[in-house]
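> Just the structure for this:
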Amino acid sequence: MTLLSSILGSGILFVIAVQCLALAAPARTFADNPRVDITGDYRYTYHEPETAAEARQTACLEALHQAVSTTAAVREQTASIVDSKLFRNLVHTLATKHVSDQQIVQQSEKGRTVYCKMKAVFHSDEVERVFIAQTTGGGEPGLDQNRTLKILGTREDPDGTITIAYQALKRLDWLGTAYQGGLRESADVMVDFYDEQGMLLRSISYPARKTTTGNDVMYPGEMGTLTVAKPLNTKTYRVWVVK
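Next up, the predicted model:
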């Protein structure tokens, strides 16, 4: 190889590297920016005794809910939630406490039907914290973890069920999505149930799936919830993962 061809080859590689960096830089900036401009609209038909003013307020709040719920951060973090009430509570908390610069873009009223379009700035870095608080009652995250799964927290409900929040640390595959090197065998939540004397009643393994069907991939960082019923005579319980 001649000196000239060597120099030219190095120059081409340098140019390619610079171009790749230039293309990658905006993506990193976007990913690191927790403030997102959002827009949403809602049309609402009200009935007595609700007033027109109350209906307009409801429409604008629902427009804000719609704007928050469709953001990438919320869609990614809540893909595993099948409890509609839990999802709505999460979105409501985010919409009322973690947006700023709210503005009504358009508002109209025709008969008993009102319309509202809102825009605001959403603080997307709060999604994970609110998710944990909603699913675990505000407890400290990180109860236990292995190389695949992290238990974020638990919440005991009045009906005797336990809600467990977890987060994938590596890609989790199920059934048809499995690939060589998949980690299905480690993606389990273990729950030990004890009676009043502290004796073990039962130890059960629950698959930490993304949805109830479990036929989809759960990517690193995604969170999910699991609801389990306590066996009869259970006094205490322990949630853990196999190391």
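> I'd like the average pLDDT over stretch 42-61.
The average pLDDT within stretch 42-61 is 89.
> for it, which positions count as buried?
For stretch 42-61, a neighbour-count test (16 or more other C-beta atoms under 10 Å) marks 42, 44, 46, 55-56, 58-61 as buried. Backbone N, C-alpha and C define where each C-beta goes, glycine included.
> what's the answer for stretch 194-209, then?
Buried residues in stretch 194-209, defined by neighbour count with 16+ other C-beta under 10 Å: 194, 201, 208-209.
> returning to that earlier point: secondary structure and distance to R238 added to the buried residues of stretch 42-61, as a markdown table?
Shown next, in a markdown table, are the buried residues of stretch 42-61 (DSSP: H, G, I helix; E, B strand; the rest coil; distance: C-beta to C-beta, whole Å):
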| residue | secondary structure | distance to R238 |
| --- | --- | --- |
| Y42 | strand | 44 |
| Y44 | strand | 46 |
| Y46 | coil | 49 |
| A55 | helix | 49 |
| R56 | helix | 50 |
| T58 | helix | 44 |
| A59 | helix | 47 |
| C60 | helix | 45 |
| L61 | helix | 40 |
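> Of these, which is the nearest to K150?
If you rank those by distance to K150 using C-beta to C-beta, L61 comes first, at 33.7 Å.
> Quick one: residues contacting the residue nearest to that closest one when sequence neighbours are not counted.
Leaving aside its chain neighbours, L61 sits nearest to A95 (7.3 Å; criterion: C-beta to C-beta, 6 or more residues apart in numbering). Contacts for A95 (C-beta atoms under 8 Å, 6 or more residues apart in numbering) come out as 61, 64-65, 67-68.
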